[in-house]
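Undergrad: Task: produce atomic coordinates for the following.
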Amino acid sequence: MISFMRNIIASVRQKKIDNYLENLKNKGLKIGEGTDILQPFFLDPDHCYLISIGRDCTFAPNVRLIAHDASTKTYLDFTRIGKITIGDRCFIGDSTIILPNVSIGSNTVIGSASLVNKDIPENSVAAGNPAKIICSLDEYIKRTEINAEEKGVFGEDYLIENITSQKKDEVLRSLDAGEGYIV
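TA: Presented below is the predicted three-dimensional model:
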């Protein structure tokens, strides 16, 4: 019964999010097919027509796209605005803030808690406050593949809905030697 109620609540929440995004799209927000935006998120509702997000992107929770800067409003009675353009197949990490007049190229990873205030070229990995390019996407993928091959990758039986106490202990022991990987 509890699981049934959780599913109903999740369904209602998702419908509200879908309606909210549809409303922003009707106001000019562009989101490509296959893009997944996890909640909570902020896509500047008053300036959403300045935001364009490509296909097959993933936004982790707490991502904020802010297409305006109202710091001048009190003194000059106007607000600075700028486009935000995100290419295809980008990953935007948890709690990242993207500011006005920024373009992020396709096939780019932005690390968690980054502040993106300048353009990031395609095929890059960037992170920090302000975000700086760390390496190319190819370098990042190759390095991660090598590390995962050495350490191994925990399978689906290690996901939270499947994991046993014994498997939790196994994961925890494995992480004593540093980061790990899971499907």
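
Undergrad: Give me the neighbour count for the nearest residue to Gly93 once chain neighbours are set aside.
TA: Residue nearest to Gly93 in three dimensions, not counting chain neighbours: Ser112, with 3.5 Å by C-beta to C-beta, 6 or more residues apart in numbering. No exception for glycine: its C-beta is placed from N, CA and C like everyone else's. For Ser112, the count of nearby residues is 14 (other C-beta atoms under 10 Å).

Undergrad: and if you look at Asn62?
TA: So Asn62, with other C-beta under 10 Å, has 17 neighbours.

Undergrad: and the most centrally placed residue in the chain, what does it touch?
TA: Central residue check for the chain by C-alpha atoms, centre = their mean: the C-alpha nearest the mean position is that of Phe59, 2.4 Å away. By C-beta atoms under 8 Å, 6 or more residues apart in numbering, the contact list for Phe59 reads 35-38, 41, 92.

Undergrad: among those residues, which ones are buried?
TA: For those, a burial check counting by 16 or more other C-beta atoms under 10 Å picks out 35, 37, 41, 92.

Undergrad: I'd like the contacts of Phe59 as TSV, with distance to Pro121 and secondary structure appended.
TA: Shown next, in TSV, are these (distance: C-beta to C-beta, whole Å; DSSP: H, G, I helix; E, B strand; the rest coil):
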residue	distance to Pro121	secondary structure
Thr35	20	coil
Asp36	23	strand
Ile37	23	strand
Leu38	25	coil
Phe41	24	strand
Ile92	15	strand
